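Turn this into a model:
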Amino acid sequence: MGARVDVVILGGGIAGLWLLDALHQAGYSALVLNKGDLGQGQSIAAQGIIHGGTKYFGATAVSDLAPMPARWRASLTGKLGPDLRGAPPLAEAMQMWLPPQLAGGVLALLAKQSMHQELRERGPGDRLPVLPQGPGGNLFDVDEAVIDVPKVLATLQDLHRDRVRSLAVGGDVNFTARGDGGIDVATGPIKIHAQRIVLTAGSGNEALLARAGLNNVPCQRRPLQQIIVRGMTLPIYLHCIGRNPKPLATITSHPDLTGGYYWYIGGLLAEQGAGQKPEQLIARAKGELARLLPGADFSRAEWATHEVDRAEPGSEGGGGGGGHGLRPGSALAVARGAVIVGWPTKLALAPILAEKIIMLLDQDGIQPGPRDPSGLRELTSPAVARPPWETVRQWM
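Here you go, the predicted structure:
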């Protein structure tokens, strides 16, 4: 059994599914092949924040982020593809809290001057109930929407359901370069004749690159251990800032089935907690959140953690698959013959990654060619991965 498409994408997270839509709009025939559930691993573990540039005073931002809030809103409102109206955002904006501290006014001024996106400062009487209600501290609304990642994955799949398939039973895939410059992709009994293959499989890119004999493309991983709090009654979407350019804690909220919320917490807590035992990190998080959010009621809360690796292109000081190098400057796409490998580096940069991959196709003179999807009928449609709070085995 066989099929013919212009581009095969290996990896059905946000990056791969966004690329699928972009290729379709550009006139190419394309197919996503996925191992396991859509978004499993890095995409489903994301907090869904559409960052818009320098987030915090003094921080060097990932480039290309400044236009991303507007670009994603264009899709979320159906004004520009992909049409994501089926996935309303969880929040239209994040907030940024600078607790009362020495030189707090100076820090607030620096924040206003260094942010790329719009800021609106809230008055003392317009604060979240979890925050201190007295004088001191600064609270800002930040132009960063928060998407519902599972719904975005499901909506992207629905837009192109016939073009999103699971690998054959066993999850194996092989590819062979052809003499005409194209590539054949085989999964089980299915062979797909393609002009290019694109790897957007996150941490899975390492094994796929090795299979293609491309060990000279460096990869790295930066681990996180996110904190999950169950049983909260109030949704908050908040960066808690200290003197470090990175937030002490970044909190997003996700509804549960009882009318309450899960709080999903990243930031320095999650970065510095990588490698700690869950109970150690939870003990630290309880102390930090009680200090930062004195009005929060944790009396009925249950706690858990979720480990995830941020898979990225290698950088100086990083290198191999276990490297911990510097954060890359933007989304990156690298072409090696008929193989293109891509990393968005941040969920928000999926549109930029798609643009860069299409530019590589243009540079290689790849034009839409004959297509025949008939041989794909034997491949099933994947499910969307469950978010981390639905897969917790033990609450503390």
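
In the helix or strand Gly287 falls within, which residues are buried?
Per DSSP states H and E, Gly287 falls inside helix 278-292. Neighbour counts over helix 278-292 (16 or more other C-beta atoms under 10 Å) mark Pro278, Leu281, Ile282, Ala285, Glu288, Leu289, Leu292 as buried. Every C-beta, even on glycine, is put in place using the N, C-alpha and C of the backbone.

what sits against the fourth one?
By C-beta atoms under 8 Å, 6 or more residues apart in numbering, the contact set of Ala285 is Ile227, Ala249, Ile265, Leu269, Gly273, Trp303.

is the last one in a bridge, and if so with what?
Think Trp303. The residues listed as beta-bridge partners of Trp303 by DSSP bridges are Val229.

Tell me, how many residues neighbour it?
Neighbourhood size, Trp303 [other C-beta atoms under 10 Å]: 22.

got it, and the second one?
Ala249: 23 surrounding residues under other C-beta under 10 Å.

ok, it - contacts?
Going by C-beta under 8 Å, 6+ apart, Ala249 touches Leu238, His239, Cys240, Ile265, Gly266, Gly267, Leu268, Leu269, Ala285, Glu288, Leu289, Leu292.

in what helix or strand does the fourth one lie?
It refers to Ile265. Using DSSP H and E, the element containing Ile265 is strand 261-266.

what would the buried residues of helix 278-292 look like in a markdown table with distance to Ala93 and pLDDT?
As requested, these are exported to a markdown table (distance: C-beta to C-beta, whole Å; pLDDT from 0 to 100):
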| residue | distance to Ala93 | pLDDT |
| --- | --- | --- |
| Pro278 | 31 | 98 |
| Leu281 | 28 | 98 |
| Ile282 | 29 | 98 |
| Ala285 | 24 | 98 |
| Glu288 | 23 | 95 |
| Leu289 | 21 | 96 |
| Leu292 | 19 | 92 |
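
related to what we said a few turns ago, ok, so of the contacts of Ala249, who is nearest Leu361?
The closest of the contacts of Ala249 to Leu361 turns out to be Gly266 (C-beta to C-beta; 34.1 Å).

What's the end-to-end length of stretch 259-279?
End-to-end distance for stretch 259-279, by C-alpha to C-alpha, to the nearest Å: 27 Å.

and that stretch, how far from the chain's centre?
16 Å (C-alpha atoms, centre = their mean, to the nearest Å).

Would you mark the buried spots in that stretch?
By 16+ other C-beta under 10 Å, the buried positions in stretch 259-279 come out as 260-270, 273-274, 278.

can you map out the strands along the stretch 251-396 of the chain?
261-266, 302-313, 332-336, 339-343 (DSSP state E, counting those that start in this stretch).

Nearest to Ile190, out of the ones you listed?
Comparing the strands of the stretch 251-396 of the chain under C-beta to C-beta, the one sitting nearest is strand 339-343, at 19.1 Å.

Let me see the mean pLDDT of the closest one.
Strand 339-343 shows a mean pLDDT of 98.

Might you list the low-confidence residue ranges for this protein?
Applying pLDDT under 70 to the chain flags the ranges 54-63, 101-118, 245, 315-327.

now do 80
Applying pLDDT under 80 to the chain flags residues 1, 53-63, 100-119, 124, 134-135, 171, 242-245, 315-329.

how does it divide into domains?
Domain assignment for the chain by automatic domain parsing gives 2-45+151-219+312-390, 79-145+221-310.

Determine which stretch of the ones you listed is the most buried.
Highest mean neighbour count of the domains of the chain: domain 2-45+151-219+312-390, a mean of 19 (counted as mean count of other C-beta atoms under 10 Å).

Need the CA coordinates for stretch 331-340. CSV is fine.
Extracted C-alpha coordinates of stretch 331-340, given in CSV (Å, rounded to 0.1, in the frame of the first residue of the first chain):
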residue,chain,number,x,y,z
ALA,A,331,12.4,29.0,16.6
LEU,A,332,14.9,27.1,14.5
ALA,A,333,14.5,25.0,11.3
VAL,A,334,17.5,23.1,9.8
ALA,A,335,17.5,21.4,6.4
ARG,A,336,19.8,18.4,5.7
GLY,A,337,18.9,17.0,2.3
ALA,A,338,15.3,15.9,2.2
VAL,A,339,15.1,16.1,6.0
ILE,A,340,14.1,19.3,7.9
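
All good on my end, thank you.
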